[in-house]
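S.K.: Return a 3D structure for these sequence lines:
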Amino acid sequence: MTDTRKTALIVGASRTLGLGLAAEYLRRGWDVIGTVRGSRRTGLHDLAETSDGRLTVESLEMTEPEQISALRDRLGRRTLDLLFVNAAITRGDLPIGEVPTEMFTEVMMVNALSPMRVVESLRPLVAPNGTIGVMSSSQGSIALNTRGGQDLYRASKSALNQLMRCHAARTAEDTRTLLLMDPGWVRTELGGPDAELSVEESIPGVAETIERHRGKPGLHFLDHQGQVVPW
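M.R.: Numbers count the residues shown, from 1 in each chain. Below is the predicted model of the structure:
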């Protein structure tokens, strides 16, 4: 019998949104590969122990290009139906003129450059009718920014969106679906305790939106309810 289970690679799956997405795709019957940083035990390892072998844990530090290449080599014989990159840090709410150069470089590296390096490097592993998604944010929307604040975080997500747009334009003939996903304001370390949504309320909508757009080539900027987010 041919195994028809789909395979998802969730990059950045050790906790909160990434871990929730890995768990959601397991619930949907997929095989899942999830990445964590370093060798420390995480919630993803706990999830793998209860997955009946359907979840594989890989180590990846996205800011190290050689580790991205090594992961691509290790997965070279796998075909992915979904590649989803989840990465974001913030370093406080400072006006941009007060942001140290080292902080600017770190946030841009983690939130914008590194996810795109993963997309560019691992794209050949994704099936022609597969999906490549990146966790963005409505805070990356220039049109929605009417209050300011979180200057560096907003800028990093806007940069991510623009870089994905560049990738989409450069690969315009590609049949894969490209998604920028806004999970909503979620109670994570990043979102804070006063956020509107729990991970359990956000992630099923994220996964459903991803699946609803399968087979729709081009780049789409969407939220967890499937609504278009203004650029």
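S.K.: Can you spell out which helices and strands pack onto the longest helix anywhere in the chain?
M.R.: Identified as the longest helix of the chain according to DSSP state H is helix 151-170. Of the remaining helices and strands, those touching helix 151-170 by 3 or more CB pairs under 8 Å, 6 or more residues apart in numbering; DSSP states H and E are helix 101-108, helix 114-122, strand 177-182, strand 218-223. Using the backbone N, CA and C atoms, a C-beta is placed for each residue, glycine as well.
S.K.: I would like the residues contacting stretch 40-60, please.
M.R.: 5, 11, 13-15, 18-19, 22-23, 26, 30-39, 67-68, 71, 74-75 (CB atoms under 8 Å, 6 or more residues apart in numbering).
S.K.: Show me which positions of that stretch end up buried.
M.R.: Going by neighbour count (16 or more other CB atoms under 10 Å), the buried part of stretch 40-60 is Thr42, Gly43, Leu44, Leu47, Ala48, Ser51, Arg54, Leu55, Thr56, Val57, Glu58, Leu60.
S.K.: ok, now stretch 173-192?
M.R.: Those would be 174, 176-188, 191, for stretch 173-192 by 16+ other CB under 10 Å.
S.K.: avg pLDDT for the longest strand anywhere in the chain?
M.R.: As assigned by DSSP state E, the longest strand anywhere in the chain is strand 126-135. In this model, strand 126-135 has an average pLDDT of 98.
S.K.: Dump that strand to CSV, keeping only the CA atoms.
M.R.: C-alpha atoms of strand 126-135 as CSV (Å, rounded to 0.1, in the frame of the first residue of the first chain):
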residue,chain,number,x,y,z
VAL,A,126,8.9,21.2,-1.4
ALA,A,127,6.6,19.4,-3.8
PRO,A,128,5.6,21.4,-6.9
ASN,A,129,2.1,21.7,-5.5
GLY,A,130,3.3,22.2,-1.9
THR,A,131,3.3,25.3,0.3
ILE,A,132,6.0,27.5,1.8
GLY,A,133,4.8,29.6,4.7
VAL,A,134,6.5,32.1,7.0
MET,A,135,5.1,33.4,10.3
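S.K.: Which strands border that strand, and is each parallel or antiparallel?
M.R.: As defined by DSSP bridges, the strand partners of strand 126-135 come to strand 80-85 (parallel), strand 177-182 (parallel).
S.K.: Not counting that strand itself, show me its contacts.
M.R.: Residues outside strand 126-135 that contact it (CB under 8 Å, 6+ apart): 12, 17-18, 79-88, 115, 119, 123, 160, 164, 175-181, 183, 210, 213-215.
S.K.: coming back round to it: looking at the helices and strands packed on helix 151-170, which is closest to Tyr153?
M.R.: Taking CB to CB, helix 101-108 is the member of the helices and strands packed on helix 151-170 nearest to Tyr153, at 6.8 Å.
S.K.: Pull out the buried positions in the longest strand of the chain.
M.R.: Val126, Gly130, Thr131, Ile132, Gly133, Val134, Met135.
S.K.: Format these as JSON lines; extra columns: distance to Val206.
M.R.: Converted to JSON lines, these look like this (distance: CB to CB, whole Å):
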{"residue": "Val126", "distance to Val206": "18"}
{"residue": "Gly130", "distance to Val206": "17"}
{"residue": "Thr131", "distance to Val206": "12"}
{"residue": "Ile132", "distance to Val206": "14"}
{"residue": "Gly133", "distance to Val206": "9"}
{"residue": "Val134", "distance to Val206": "12"}
{"residue": "Met135", "distance to Val206": "8"}
